[in-house]
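Q: coordinates for the following, if possible.
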Amino acid sequence: MEINGSNQRRCSSDSCNHRVQAGSFWTTKTTYSVFYAKIVSKTKIPPLYLSKSTSFVVYLVPRSRWHGHCSFIERKRIVKTDMKRHAFTLVELLVVIAIIGVLVGLLLPAVQSAREAARRMSCSNNFKQIGLSLHNYHAAFNRLPPNGTGPQQAALKQLSANIGLLPFLEQQGLWEMMSNPLMPEPGETATDATSAGLWPPFGPRPWVDLNEYDPYQMQTPAFRCPSDPGMSPLGTGMSNYAFCHGDATLRIGYPPSNQYADRGVFRGMFMRDTPRKFRDVLDGLSNTIAMAEIMTDLGDRSVGGSVVNRTYFPNDDSMGSDLTICTAVVDPQRPQFIESSVTLWNSGGTSRGGRWWNYHLMITGMNTVLPPNSPTCAMQWGTSWQSGVFSSASHHQGGVHVLLADGAVKFVTDSIEAGNQQAQSISKNYGTVGQKSPYGLWGALGSISSKETIEGFE
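A: Have a look, this model is predicted:
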C-alpha cells in the first residue's frame, strides 16, 4: 500500500450524505483509488457501498451514520500499486498447462535433433582423425596397413588394420602394450603363451583370452561413433568403422597366397596380408571408399548390427549371383529387424564391430554390394566367413559416413544407386573379372581401379 497525500475539508450535516467520486485520482489500469472517511473523534464509519470500475470508486455514507457529529472529514487517497491475487482461476491454470505442454512438445524434438546433430558431427570428426592417421601411416611407410595382418604365431595374421594405426591416433601406450610380450596378472593363465608364460607380441589368437588380455579390453575413443550405444557384454573394445574390401562377394577375405584365391576380386582399398599403396588407386583417391561406418550389435536383431550365421544359407555360391538371398532375412512386418526364424552369429558376446583388433569381415570389414543399412550375411561356401555380404550401417537417420581415400568424409544415403541385386558378382566363377561393378554407383565407389565414371556423388 502507498498513501499519497491527504486533504481535509469542513462539511455541514446537510452535506455529510454525499457521494465522492475518485475519477480524478485514478492514474493507471493497475492503480485503484479508494477514499477512507473517518470522524476526527475516532468514530469509525463502515462503508455501506463500495463500487469499483476501471475509472472510479464510489464511497457512500448515509446520513443516519453521522449522528450529527460531522465536523471534519479527513479524506485520504490510498493507491494500491500491486493488487494481490490469492490464486489462479481454473481456466487460467488450464491455459498455462496447455501452453507449457505445447512448448514442451515443440522443444523436445528440437533438442533431440540438436543432440543427434552434435553426435553426428563428432562421429564425422572421429572418421577424419582415422583418415589422417591413414595418410600419416602411408607417409611413414609408403603403404597402408593390410586388414588381416600380424605375426603368424600366435595371431595367425588375423589382426585388423587398426593395430597399425594406433601410434598415429595418439595411442602409443596401447601400441607398446600390444607389440611387446605381456605378463599375465595374478590368477590369469596366458593362452598361446611363450616359454616364459607371457602373451606373445600382438597377443594370442584374436578370439581367445578376451577377458584376460588387457589390450583387448581397451577402448580407443576414435574407433567409436557417439550415436552408437552398443557395449560389449565382455567389456572388449569395439569399433564403428570398417575397412572396405571392394565390390565383390566371393573369396574377398582369402589371402592372396591361398591356392583358391581369386585375384580378380581384390578390388578394394584393403585386402588380407597385402598392403595397398595410394598409387594403386587408379580411379582416384577422391572417388574411392577406404572405410565406412558400421553398427555394433545391440542384441535386438536389428538389421544393421546383426550378422546372419553362415549355417543359415546353403553351402554354395548362389549368393554371389543373387543378393536377394541375403535381403530375404529381413522381417517384412518390421523392416529394421531380422526375422525371428533366422539364426544369427554371436561369438563370445560380440558380433558386428565387436572386436576392434580382429580383421574378420563380419567384424571390421565391409563391401559395397548392398546399399547402406542392409543386412550382413556371411557364407559357409568355400572357406567359412571369407565370402558374403558385409554391409555398412549407422544410427544416423538415412545413411552412413564414408571415408574416402583422400581423407574426406562424406555422408551417403540409403538410397544411393546400387545396381542390380540379382546380377552376377565379380568373380572367376562367373567370368566377370575386370568388368565394371554390377552394383551401380555404390559398387563403383568401392573399387580402386575399375575405370568407372563416377557421377552424382558430391
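Q: hey, let's count contacts and neighbours off CA atoms from now on
A: Fine.
Q: buried set for stretch 323-338?
A: 323, 325-327, 329-331, 336-338 (16 or more other CA atoms under 10 Å).
Q: now do the same end-to-end measure for that stretch.
A: 16 Å (CA to CA, to the nearest Å).
Q: report the distance from it to the chain centre.
A: 23 Å (CA atoms, centre = their mean, to the nearest Å).
Q: doesn't S124 lie inside a helix?
A: Yes. Counting by DSSP: H, G, I helix; E, B strand; the rest coil, S124 is located in a helix.
Q: that one - how many residues pack around it?
A: 23 (other CA atoms under 10 Å).
Q: and the pLDDT for it?
A: pLDDT for S124: 95.
Q: name all residues that make contact with it.
A: S124 makes contacts with 401, 409, as judged by CA atoms under 8 Å, 6 or more residues apart in numbering.
Q: look up how far P145 lies from it.
A: 22 Å.
Q: show me where the stretch 51-200 of the chain has strands.
A: 57-60, 72-80 (DSSP state E, counting those that start in this stretch).
Q: identify, from the buried residues of stretch 323-338, the entry nearest to E452.
A: Here the nearest of the buried residues of stretch 323-338 to E452, counting by CA to CA, is L323; it sits at 21.7 Å.
Q: thought the closest one was touching Q424?
A: No. Judged on CA atoms under 8 Å, L323 makes no contact with Q424 at a distance of 9.1 Å.
Q: can you list the domain ranges for this protein.
A: 2-80, 85-458 (automatic domain parsing).
Q: out of those, deepest packed?
A: domain 85-458 (a mean of 19; mean count of other CA atoms under 10 Å).
Q: and that domain, how far from the chain's centre?
A: With CA atoms, centre = their mean, you get 16 Å for domain 85-458.
Q: that older thread, now the buried residues of stretch 323-338 as CSV including secondary structure and distance to K410?
A: As requested, these are exported to CSV (DSSP: H, G, I helix; E, B strand; the rest coil; distance: CA to CA, whole Å):
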residue, secondary structure, distance to K410
L323, coil, 26
I325, helix, 29
C326, helix, 26
T327, helix, 25
V329, coil, 29
V330, strand, 27
D331, coil, 30
Q336, coil, 23
F337, strand, 26
I338, strand, 28
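Q: I'd like the residues you listed as CSV, with pLDDT appended.
A: Listed next are these as CSV, based on pLDDT from 0 to 100:
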residue, pLDDT
L323, 97
I325, 96
C326, 97
T327, 97
V329, 97
V330, 97
D331, 97
Q336, 95
F337, 97
I338, 97
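Q: got the contact list for stretch 389-398?
A: Contacts for stretch 389-398 (CA under 8 Å, 6+ apart): 116, 120, 227-228, 242, 249, 292-295, 304-305, 326, 361-362, 365-378, 399-400, 413-414.
Q: same check, this time on stretch 253-260
A: 261-263, 271-274, 360-361, 383, 385-387.
Q: so which of the residues you listed are in helices?
A: Among those, DSSP state H puts L361 in helices.
Q: switch the contacts of stretch 253-260 over to JSON lines; also include distance to W207.
A: Shown next, in JSON lines, are the contacts of stretch 253-260 (distance: CA to CA, whole Å):
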{"residue": "A261", "distance to W207": "24"}
{"residue": "D262", "distance to W207": "27"}
{"residue": "R263", "distance to W207": "28"}
{"residue": "M271", "distance to W207": "20"}
{"residue": "R272", "distance to W207": "18"}
{"residue": "D273", "distance to W207": "19"}
{"residue": "T274", "distance to W207": "22"}
{"residue": "H360", "distance to W207": "11"}
{"residue": "L361", "distance to W207": "14"}
{"residue": "T383", "distance to W207": "18"}
{"residue": "W385", "distance to W207": "14"}
{"residue": "Q386", "distance to W207": "16"}
{"residue": "S387", "distance to W207": "19"}
